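**Student:** Everything below, folded, please.
(one chain, ligands or ions: 1)
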Amino acid sequence: MTSVGFPRALGTCYYPEHWPQEVWAKDAQMMVESGLTWVRIGEFAWSRLEPKPGVLELEWLEEAIKTLTSAGLKVVLGTPTATPPRWMLDKHPDMLAVDAEGRPRGFGSRRHYCFSHAGYREESRRITAILAEVFGSSVAAWQTDNEYGCHDTTLSYSDAALEAFQDWLEARYGTIEALNAAWGNVFWSMEYDRFDQIGLPNLTVTEPNPAHVQAFRRFSSDQVAPFNRAQVEEIRKWSDAPISHNYMGRVTDFDHYDVGADLDIATWDSYPLGFLEDRVGASSERQKAFSRQGDPDFQTFHHDLYRAVGKGRWWIMEQQPGPVNWAPYNPAPLAGMVRLWSWEAFAHGAEAVCYFRWRQAPFAQEQMHSGLLRPDSAPAAGLAEVRQVASELAAAPQVEANVADVALVFDYDAEWAWAVQPHGQGLSYFDLVFEHYRALRRAGLNVDIVAPTIRGFAAYKAVFAPGLMHLSDDLRHALETADCPCVFGPRTGARTLDFEMPVPLPPALSGLDVTVTQVQTLRPDRPIALAGGGYAVGYIETLDGSATPILEDTSGACVAVQTQNLIYCGAWLDEAGLDRLVALVADSADLSIRSLPDGVRVRRTATQEFWFNHNAHSVDTEAGPMAPASVIWRDL
Ligand code: GAL
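**Tutor:** Residues are numbered from 1 along each chain as shown. Below you'll find the model as predicted:
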């Protein structure tokens, strides 16, 4: 997965419709002078492009594109479908997404549409076709919609979703008898006579059948890719420019690999300080230590994930340049962090980093969100660092090959399965994979996150595949036959495709004699100590079989076992436990690992080694002394 051959560049997100036309040219000139190449526009402008149904006003956008491009900028045009205008609701009153409590999501912000609504999907295709025809040859890249799934909008319990779900089930199971058997509906007399009797799995008296919920999760995800594809089809008729979508941090309600399959570039929106407060799940002590720098691993996890989603090509479409407006607390980045975040993205193979947004808006919901300019157009604090990155990039303009040591499988289906049946509070697949990722980064390793559709691991020295609750036969075979160490578990193959416990009991791996005979979840204050250091926390399995123990608890019970290349770990390990597991794997894999100072991370490209100090204090590293919030690199 290399990305050689693309220039590294900077950009920004701009809303010409927010500002008088007189300032566009000056803005464009200042963007260019600041070293920016890309400008994304248009993604929320539907009410100005089509103020009344069928009445198009595209001249202002044409003018804006002309102004920006003649200043030397390249335009990414966003389709405006995340913000259907108010008249759309009069036209399609049933287009709103509906929440799990059965309440329609109201008009007055954004993303109020249901992915299953056929009428809205056609409207979105229609406006995209118009923009593609008019602007197809004047823009340099496209963005479909904006942040699919944002504000909890993938799952919708609308009538449109209900009908589409019933059709989806019929197409999948063929007969109602097959569905009843697959879901085990004999339990609690849940058997159906017809597909049109099946409801959505909300508002049931107690928990719905997990097979029903998992089917609904898969169905809901399956609504997103065709919605996106409809836009891609229209754009490709008129334009050769690459098409992207901007994904988010820790939004996992749809399968991003599926959407990415139709696109040329994956982009994502990186708000490190907002995320730290809002979704990383770090301890309050770490939140305090990194409150102005962000989590040292959360951003790069997404860089590595979206590199896979983008089939090697990825950008940051929105980079936080100062305080945001939406987290519980919104501090300013520590001096140096805007530069650090930008370089970290490039070190992970980003082709572009675009800052959100050019100028802070003095009106509406995001008044308190900083930009590169203040509302009075004076430079805000982040702009100086952006300029510095721009001048540094001039000396290092090329994205270098990605070099990976380890593959880490990330599977959206497993994320839903863990959420459907966690069996213990706080057990999330995302966290499990992320904690493995952190441990690999603490050891100084380069990680490729890979899709569960991967069938060969020849490029890697080790594979980690924790938590794959349903394992397809093909992936199982690829992992079992990898010619490098491969770590499974916990919960590998714990459920069939239809959410049944398989017999023979999991993990049923060929080449590794181990059986999970019991699973238990643990209170946070009842971890189980491992002999030699570390703990099992939250979750542990009882393992039986002849494979060689490599980790045991203090009573001598097996926690992880190995036969040749295959390793199974039957517990959720804490940091010390995961560090031990990584060290054991590194030993069998001939991987050299490091012990990095807390908050320091390393990333190698084909030609350079980058060092990042995320701490608010200086540190001494192998690469030399590092100032707070700094990056240094050396040639290899
Ligand atoms: C993103 C979104 C932008 C803006 C930004 C604020 O999620 O794509 O439109 O709202 O957040 O941080």
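
**Student:** only C-alpha atoms for contact and neighbour calcs from this point on.
**Tutor:** OK.

**Student:** Show me what the helix or strand harbouring residue 386 is in contact with.
**Tutor:** Secondary structure from DSSP states H and E places residue 386 in helix 382-395. For helix 382-395, the surrounding residues in contact (CA atoms under 8 Å, 6 or more residues apart in numbering) are 8-10, 34-36, 321-322, 336, 338-339, 342-343, 371-373.

**Student:** Could you rank those by neighbour count and give me the top one?
**Tutor:** With neighbours defined as other CA atoms under 10 Å, the most crowded of the contacts of helix 382-395 is residue 321; it has 31 neighbours.

**Student:** quick one: pLDDT of that one?
**Tutor:** Residue 321 carries a pLDDT value of 98.

**Student:** how near is the closest residue to it other than its chain neighbours to residue 337?
**Tutor:** Spatial nearest neighbour of residue 321, excluding adjacent residues (CA to CA, 6 or more residues apart in numbering): residue 382 at 5.2 Å. From residue 382 over to residue 337 the distance is 9 Å, taken as CA to CA, to the nearest Å.

**Student:** Comparing those two, which shows the higher neighbour count?
**Tutor:** Set residue 382 next to residue 337 and count neighbours by other CA under 10 Å: residue 337 wins out with 28 against 24.

**Student:** The residue nearest to the more buried one when sequence neighbours are not counted: neighbour count?
**Tutor:** Sequence neighbours aside, residue 629 is the residue nearest to residue 337 in space, at 5.5 Å (criterion: CA to CA, 6+ apart). Counted with other CA under 10 Å, residues neighbouring residue 629 total 25.

**Student:** Spell out the residue ranges of the helices in the stretch 401-550 of the chain.
**Tutor:** 412-420, 429-442, 473-480 (DSSP state H, counting those that start in this stretch).

**Student:** which residues touch stretch 216-225?
**Tutor:** Stretch 216-225 is contacted by residues 115-116, 148, 154-156, 165, 168, 200-201, 253-255, 258-259, 413, 416 when judged by CA under 8 Å, 6+ apart.

**Student:** Among the residues you listed, which are located in helices?
**Tutor:** Counted as lying in helices by DSSP state H, out of these, are 165, 168, 258, 259, 413, 416.

**Student:** The fourth one: neighbour count?
**Tutor:** Other residues within reach of residue 259 by the criterion other CA under 10 Å amount to 23.

**Student:** May I see the buried residues of the longest helix seen in the chain?
**Tutor:** Longest helix in the chain by number of residues, with DSSP H as the criterion: helix 210-238. Neighbour-count burial for helix 210-238 flags 210-232, 234-236, 238 (criterion: 16 or more other CA atoms under 10 Å).

**Student:** Which neighbouring elements make contact with the next helix or strand after it?
**Tutor:** Next in sequence after helix 210-238, counting helices and strands by DSSP H and E, comes strand 243-247. Using 3 or more CA pairs under 8 Å, 6 or more residues apart in numbering; DSSP states H and E as the contact test, the elements touching strand 243-247 are strand 141-143, strand 265-270.

**Student:** How many neighbouring residues does the closest residue to residue 163 other than its chain neighbours have?
**Tutor:** Distances taken as CA to CA, 6+ apart put residue 196 closest to residue 163, at 7.8 Å, once the chain neighbours are dropped. Neighbours of residue 196 under the rule other CA under 10 Å: 15.

**Student:** Surely residue 196 and residue 168 touch.
**Tutor:** No. Here residue 196 does not reach residue 168: they are 11.2 Å apart, not a contact under CA atoms under 8 Å.

**Student:** where in the protein is pLDDT low?
**Tutor:** Scanning the chain for pLDDT under 70 picks out 1-5.

**Student:** Tell me the spacing between residue 196 and residue 175.
**Tutor:** The value you get for residue 196 to residue 175, if CA to CA is used, is 12 Å.

**Student:** next one: residue 259
**Tutor:** Taking CA to CA, one finds residue 259 at 29 Å from residue 175.

**Student:** Residue 146 now?
**Tutor:** 38 Å.

**Student:** repeat for residue 576
**Tutor:** Using CA to CA, residue 576 is found at 50 Å from residue 175.

**Student:** which parts of the stretch 251-400 of the chain sit against the ligand?
**Tutor:** Residues of the stretch 251-400 of the chain found near the ligand (CA under 6 Å from any ligand atom) are residue 324.

**Student:** can you check the chain too?
**Tutor:** Residues of the chain lying near the ligand (CA under 6 Å from any ligand atom): 146, 147, 324.

**Student:** Highest neighbour count among those?
**Tutor:** residue 324 (23 neighbours).

**Student:** Could you dump the helices of the stretch 401-550 of the chain into CSV and include mean neighbour count?
**Tutor:** Shown next, in CSV, are the helices of the stretch 401-550 of the chain (neighbours: other CA atoms under 10 Å):
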stretch, mean neighbour count
helix 412-420, 22
helix 429-442, 21
helix 473-480, 17
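
**Student:** Just give me how far the helix holding residue 386 sits from the chain centre.
**Tutor:** Helix 382-395 sits 27 Å away from the centroid of its parent chain (CA atoms, centre = their mean, to the nearest Å).

**Student:** Using PDB, write out the CA atom coordinates for it.
**Tutor:** Provided in PDB are the C-alpha atoms of helix 382-395 (Å, rounded to 0.1, in the frame of the first residue of the first chain):
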ATOM      1  CA  GLY A 382      -2.900  28.700  13.800                       C
ATOM      2  CA  LEU A 383      -2.100  30.500  10.600                       C
ATOM      3  CA  ALA A 384       1.600  31.100  11.400                       C
ATOM      4  CA  GLU A 385       2.100  27.400  12.000                       C
ATOM      5  CA  VAL A 386       0.400  26.600   8.700                       C
ATOM      6  CA  ARG A 387       2.700  29.000   6.900                       C
ATOM      7  CA  GLN A 388       5.700  27.300   8.600                       C
ATOM      8  CA  VAL A 389       4.500  23.900   7.400                       C
ATOM      9  CA  ALA A 390       4.000  25.300   3.900                       C
ATOM     10  CA  SER A 391       7.600  26.500   3.700                       C
ATOM     11  CA  GLU A 392       8.900  23.200   5.100                       C
ATOM     12  CA  LEU A 393       6.900  21.300   2.500                       C
ATOM     13  CA  ALA A 394       8.500  23.300  -0.200                       C
ATOM     14  CA  ALA A 395      11.700  21.400   0.700                       C
END
